[in-house]
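Peer 1: okay, structure incoming, though there's no sequence with it:
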């Protein structure tokens, strides 16, 4: 069944797909966000749930002129709400190469004498300092995993702010960060504190190794 792109169920599925794609293809040099939902169809999969077929346009968070089209399928499991939605996607075209920026960031963090600690990114005016932009993008990308794992047909999450981030010392080549973030649930306007532990390496991408919803007072 063809859906109007502006229909709320289609836009929620599109936001989920964008978050998932960002988690799979993003990093400290590239965050992806939904620019436009071009087309949407929905179907009932007997005994399983609802499947959405989507045509999306994604934009680079840092460079809004850099866009890529993609197709995605999102399957919400209605029979078992504890299973994360299935997401499949195909990008049409190439994403901007970020190897140089990734390596600059990696070497900068590796050369720090003390582990990085920061809070309130962006600040209360929406500003992110240039040196904190990769830390912010890494959280944006990693939050795509949390959004994917916790989304239903009736939710629409977005990263609102990093409340606190601390680098964790490691003996191997990975960078590790412990994030306390605030997720904005757009439908209820609820702000949800979340903790996530994020690993990153230029060759291996982003991995969220631990995440958990935090009690409300954690955001105070």
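Peer 2: On my side now, so go ahead. Values in this document were obtained by computation on a predicted structure and should not be read as measured data.

Peer 1: what's the separation between the residue nearest to residue 153 when sequence neighbours are not counted and residue 143?
Peer 2: Spatial nearest neighbour of residue 153, chain neighbours left out: residue 76 (5.0 Å); criterion: C-beta to C-beta, 6 or more residues apart in numbering. For every residue, glycine as well, the C-beta is placed using N, CA and C. Using C-beta to C-beta, to the nearest Å, residue 76 is found at 20 Å from residue 143.

Peer 1: show me what whichever strand or helix holds residue 76 is packed against.
Peer 2: Here residue 76, judged by DSSP states H and E, is contained in strand 67-77. With contacts taken as 3 or more C-beta pairs under 8 Å, 6 or more residues apart in numbering; DSSP states H and E, strand 67-77 sits against helix 8-25, strand 32-45, strand 49-60, strand 86-92.

Peer 1: 6 Å - rerun?
Peer 2: Judged by 3 or more C-beta pairs under 6 Å, 6 or more residues apart in numbering; DSSP states H and E, the packing partners of strand 67-77 are helix 8-25, strand 49-60, strand 86-92.

Peer 1: for this protein, give me the ranges with low pLDDT.
Peer 2: Applying pLDDT under 70 to the chain flags the ranges 4-6, 218-220.

Peer 1: how close does the residue nearest to residue 153 sit to residue 116?
Peer 2: For residue 76, the distance to residue 116 (C-beta to C-beta) stands at 37 Å.

Peer 1: looking at these two, which is more packed in?
Peer 2: Under the criterion of other C-beta atoms under 10 Å, the comparison of residue 76 against residue 116 puts residue 76 first, with 23 against 16.

Peer 1: helix/strand/coil for the closest residue to residue 163 other than its chain neighbours?
Peer 2: Distances taken as C-beta to C-beta, 6+ apart place residue 180 nearest to residue 163, at 4.5 Å, with adjacent residues excluded. Under DSSP: H, G, I helix; E, B strand; the rest coil, the three-state class of residue 180 is strand.

Peer 1: now do the same contact list for residue 180.
Peer 2: Listed by C-beta atoms under 6 Å, 6 or more residues apart in numbering, the contact set of residue 180 reads 163, 164, 195.

Peer 1: quick one, domains of this structure?
Peer 2: If you go by automatic domain parsing, the domain ranges for the chain are 2-92, 99-219.

Peer 1: hey, which of the ones you listed is tucked in deepest?
Peer 2: Of all the domains of the chain, domain 2-92 carries the top mean neighbour count, a mean of 18, counting by mean count of other C-beta atoms under 10 Å.

Peer 1: quick one: end-to-end distance for that domain.
Peer 2: Domain 2-92 has an end-to-end distance of 22 Å (C-alpha to C-alpha, to the nearest Å).

Peer 1: list the contacts of the spatially most central residue of the chain.
Peer 2: Nearest to the mean C-alpha position of the chain, by C-alpha atoms, centre = their mean, lies residue 144 at 2.3 Å. Residues in contact with residue 144 (C-beta under 6 Å, 6+ apart) are 19, 20, 22, 23.

Peer 1: perfect, I'm done here.
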